[in-house]
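# sharing a model that was predicted from the sequence below.
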Amino acid sequence: MCGIIGIENNDNAAVLVLAGLITLQHRGEESAGITVSDKKKMKTFKTMGLVTEFFNKGMEISKFIGTAAIGHVRYTTSAKSSLLNAQPFQINCIHGNIAVAHNGNITNFLEIKHKLLKKGAIFNHTSDTEILLHIIAMSKGVLSNVIKKSISDLEGAFSLVILKDKILIGARDENGFRPLVLGKINNSYIFSSESAAIEVIGGKYIRDVNPGEIIVIENGQIKQSFLYKKSKKQNTCIFEQVYFSRSDSVMFGKSVKEARVKMGEYLGYQMKNIKADIIIPVPETGYFAAVGLSRTLAIPLEIGFVRNYYVGRSFIKPSQKLRYLAAKLKFRPIKEVVYGKKIILVDDSIVRGTTSKILINILRENGVKEIHFALSCPPIISSCYYGIDTPSKEYLIAAVNSWNEIIKYLNIDSLTFLNLNNLIKACSFSNEKNDFFCTSCFTEKYPTKIPKSTHIIS
């Protein structure tokens, strides 16, 4: 998924971007980077691991004075996890020093890369983001027009923050797959993957960057705002509201927290015949859905797990072995809460089944009488080519197992997935059903053409 942020016209740009990146840390834990510009020169700092590694390693970013900065936290989908591929990427070309940070997955990456190689381009990274810099470097003209032309060649998902001297540019693909929002603090504009990062640093969320929109900011003013390509149909990733985004963010016009509560309420309508003593959420991802479920079923909500907050998100660990270890370390049940009880266990989703199986085994070991598993999204049956780590169907438990096989594998008494229609209603920002979500991971119906050359390396 990745998290990106940018700010301009602010003497504390570097510090504010670092604070924003810490707020976006849940979107990527593998590497972090920041590019700072003082109008005359530009410098990029990168580290593997969490944003706090900058401070642990003594990198004195605060001593590099600049009025504009962009930052990135990385979660790998299409390239090797390494410092080489940590973003932002910075180059010096005919347009001067330019840095870019990208969230998404460019589906025609290999096709464009092969064309660029024939023109003599030399690639230093294995990330799909690098092709954008090559296209920019090979194009002439005013920067905003160059950016427009460059991203017009890209397909798939991309939200971008681009920095050149004191100019900050934000752009979003025509489908609007990945989020990008615009905010402001005093006389400084901010781009961010989520509104929470803007608000944490004292800013105010203004609006989403529209699908297909490019916004150019300089000296605290929006110099240009235009569509590089008109969106035929918006296809925003519904999994942002299910799992990835912070609950205190506004995503696609609706509070993430409120969407998750609604998911739980709709789950309750589907589970009227389930009898249980208590409802237990998987921390933290199942909490707000469990609140909604508890309201609908009038079954008490209990906190049944203690979470170890020094272990990151197991879903976004780069290998199955690390996911397994992280899941074991992350949760510990409170025995006096769960012993002898019939429980409804609530989580946001089940992807590979690794974490769920471990949690359920631990609950059984601590004397739970019945486990009814409730998920606040439909079964994930197909790979994502727009920036989520679902590399192939063979790793998706719901794609290769029947309903009863999943129940048997997890050792549970019942299994309920929120149906797709209810999920869309929960995430919509009005009472009307909004038909602008990408739901391809649940349906295997992709909103864009997926080239045969597209591959995902986790």
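Perfect, I can see it now.

# okay, now residue 201: neighbour count?
By other C-beta atoms under 10 Å, the residues close to residue 201 number 24. All C-beta spots, glycine's among them, are computed from the backbone N, C-alpha and C.

# just checking, it touches residue 188?
No - taking contacts as C-beta atoms under 8 Å, residue 201 lies outside contact range of residue 188: 9.8 Å.

# who touches both of those two?
Common neighbours of residue 201 and residue 188 (criterion: C-beta atoms under 8 Å, 6 or more residues apart in numbering): none identified.

# residue 83: neighbouring residues, count only.
12.

# give me the domain ranges for the chain.
3-234, 255-443 (automatic domain parsing).

# now the ones you listed as JSON lines including mean pLDDT?
JSON lines is the format used below for the domains of the chain (pLDDT from 0 to 100):
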{"stretch": "domain 3-234", "mean pLDDT": "91"}
{"stretch": "domain 255-443", "mean pLDDT": "90"}
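
# show me where the stretch 201-350 of the chain has helices.
239, 256-270, 287-297, 320-330, 335-338 (DSSP state H, counting those that start in this stretch).

# TSV for those helices, including mean neighbour count and distance to residue 95?
As requested, the helices of the stretch 201-350 of the chain are exported to TSV (neighbours: other C-beta atoms under 10 Å; distance: least, C-beta to C-beta, whole Å):
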stretch	mean neighbour count	distance to residue 95
helix 239	26	35
helix 256-270	23	37
helix 287-297	23	45
helix 320-330	16	40
helix 335-338	16	60
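
# now distance to residue 247 too, for those helices, in a markdown table please.
Listed next are the helices of the stretch 201-350 of the chain as a markdown table, based on distance: least, C-beta to C-beta, whole Å:
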| stretch | distance to residue 247 |
| --- | --- |
| helix 239 | 15 |
| helix 256-270 | 4 |
| helix 287-297 | 6 |
| helix 320-330 | 18 |
| helix 335-338 | 23 |
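
# burial count for the closest residue to residue 189 other than its chain neighbours?
Of all residues not flanking residue 189 in the chain, residue 217 sits nearest, at 4.7 Å (C-beta to C-beta, 6 or more residues apart in numbering). Residue 217 has 26 neighbours, counted by other C-beta under 10 Å.

# and what of residue 134?
For residue 134, using other C-beta under 10 Å, the count is 22.

# quick one: it and residue 116 touch, right?
Yes - counting by C-beta under 8 Å, residue 134 does reach residue 116; the two are 5.0 Å apart.

# what comes up buried for the helix or strand hosting residue 43?
Using DSSP states H and E, residue 43 sits within strand 42-48. The neighbour-count check on strand 42-48 (16 or more other C-beta atoms under 10 Å) flags 42-47 as buried.

# same question, stretch 52-60
Per 16+ other C-beta under 10 Å, stretch 52-60 contains these buried residues: residue 54.

# and that stretch, how far apart are its ends?
End-to-end distance for stretch 52-60, by C-alpha to C-alpha, to the nearest Å: 12 Å.

# ranges for the strands of the stretch 1-150 of the chain?
3-7, 31-37, 42-48, 68-74, 89-93, 96-106 (DSSP state E, counting those that start in this stretch).

# restricting to C-alpha, output the fourth one in CSV.
The C-alpha atoms that make up strand 68-74 are tabulated as CSV, following Å, rounded to 0.1, in the frame of the first residue of the first chain:
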residue,chain,number,x,y,z
ALA,A,68,9.5,21.8,1.1
ALA,A,69,9.7,18.0,1.7
ILE,A,70,8.1,14.8,0.6
GLY,A,71,8.1,11.4,2.4
HIS,A,72,7.3,7.8,1.9
VAL,A,73,6.8,4.6,4.0
ARG,A,74,7.0,1.4,2.0
